[in-house]
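Trainee: Curious how this folds, go ahead:
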Amino acid sequence: MALSVEIEKQLGDFRLEVQFQAEQETLALLGASGCGKSVTLKCIAGILTPDSGWIALDGVTLYDSAAKINLPPQKRRVGYLFQQYALFPNMTVRQNIAAAVRDRARRQADVAEKLRQFQLEAVADQRPGQLSGGQQQRCALARILASEPRAILLDEPFSALDSYLKYQLELELAETLDRFPGPVLWVSHDRGEVFRNCRRVCVLDRGRSQPVQTLEELFRAPGTEAAARLSGCKNYASAVPQAEAVLLPEWNVTLRCGRAVSPQVRRIGIRAHHVQPAGPGAENAFPCAVARVIDDVFSTIVLLRPEGAAPEAPLLRMELDKAAWRAVPDKSRLTVSVPPEAILLLES
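Mentor: Here you go, the predicted structure:
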């Protein structure tokens, strides 16, 4: 099975231009709030109609502006888990699940199976308002699977849960999705959540999708600043390409990259854990003044100002193990280095 999407949609001043294909996998749609993730899901589900383009699922056209095809939501066979679950408040758990079963002859048996599968038997006759957040999510998932969908859309499935409950339900959801035979789209702005549950990712930035890439590619070579920020990179600077190096005018530093630098590169990113106190003869070493030290839970965050940096230049963030920071002899000035292969080259 595969889900193919190529659509455009104008909503006021916001324009959505999205293109990707999901195979039999859990594909992440990763982006900041307001980038168009939920709008994309609603277009796939048939809740919103794109202005142009097409959507196909398992060889069936769900939407095609040129051919004037636009299947209603109930005929798309797409299961949509909303952020607030959208359970029928006046129905019990049993009735919510039963409402999704297509075959009336199998309704009772299918409901019983889903109640067992999602451990909802004890609350089968309770209404959503009487359930915990975790029970509501399990009920919503059971209802989705009872409809025998060909694809599942998850819209930030843990946004309504506290961190402890989220951890347990994430494990349960991962087990459920492992058994699902079709494509799953997992919308999130949490890179850790995506890293644990997806193998490929499509980054959305201000309404536009970037090419689908593996999680390894996203962290190793994100390509754009938007993707780098979503992958957790903390340091950025304007860059001037110089063959196999970059000049960083704001910091008055030139760093060797160990590979050809495209003329299109305009910015660089450096992950905070790749900034390290420099040993003797370290490559890409440069002196810095310590601007601020922040004691975090498991690490020490050190904000550095490279010597000769412009007054308005951003500070360089370094994150060290607490023991490593304690071992630094001079905590007001130190020389740091960045491995050439760790410099993220970012095009505009």
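
Trainee: For the stretch 51-200 of the chain, which segments count as strands?
Mentor: For the stretch 51-200 of the chain, strands defined by DSSP state E, counting those that start in this stretch occupy the ranges 52-57, 60-64, 69-70, 78-81, 151-155, 184-188, 200-205.

Trainee: got the contact list for the third one?
Mentor: For strand 69-70, the surrounding residues in contact (CB atoms under 8 Å, 6 or more residues apart in numbering) are 46, 49, 61-64. C-beta here means a position set from N, CA and C on the backbone, and glycine is covered the same way.

Trainee: Can you tell me which of those are classed as buried?
Mentor: When these are checked for burial by 16 or more other CB atoms under 10 Å, the buried set is 46, 62-64.

Trainee: Ala226: which of the strands of the stretch 51-200 of the chain is closest?
Mentor: Judged by CB to CB, the one of the strands of the stretch 51-200 of the chain that comes nearest to Ala226 is strand 200-205, at 3.7 Å.

Trainee: tell me the angle the closest one makes with strand 184-188.
Mentor: Using axes from the mean of the first three to the mean of the last three CA atoms, to 10 degrees, the direction of strand 200-205 lies 40 degrees away from that of strand 184-188.

Trainee: Mind listing what's buried along stretch 169-182?
Mentor: For stretch 169-182, the neighbour count (16+ other CB under 10 Å) marks 169-170, 173, 176-177, 180, 182 as buried.

Trainee: Please narrow those residues to those residing in helices.
Mentor: Counting by DSSP state H, the buried residues of stretch 169-182 place 169-170, 173, 176-177 in helices.

Trainee: Any stretches of the protein with poor pLDDT?
Mentor: Confidence mapping of the chain against pLDDT under 70 gives the ranges 160-165.

Trainee: Quick check: bridge partners of the closest residue in space to Ile144 that isn't next to it in sequence?
Mentor: Distances taken as CB to CB, 6 or more residues apart in numbering place Gly79 nearest to Ile144, at 3.5 Å, with adjacent residues excluded. Each beta-bridge partner of Gly79 is listed here, defined by DSSP bridges: Ile152.

Trainee: So Gly79 sits against Ala146, correct?
Mentor: No. At 9.2 Å, Gly79 and Ala146 do not qualify as touching, with contact defined as CB atoms under 8 Å.

Trainee: I'd say Ser159 and Leu81 touch.
Mentor: No. Contact between Ser159 and Leu81 fails when scored by CB under 8 Å: they sit 11.1 Å apart.

Trainee: The two - which one has more neighbours?
Mentor: Neighbour totals were compared for Ser159 and Leu81, and Leu81 leads with 22 against 13 (other CB atoms under 10 Å).

Trainee: what residues are up against the residue nearest to that one when sequence neighbours are not counted?
Mentor: Closest residue to Leu81 in three dimensions, ignoring its sequence neighbours and counting by CB to CB, 6+ apart: Leu154, at 4.9 Å. Under the criterion of CB under 8 Å, 6+ apart, the neighbours of Leu154 are 81, 173, 184-187.

Trainee: what's the closest of the residues you listed to Leu71?
Mentor: Leu185 (17.6 Å).
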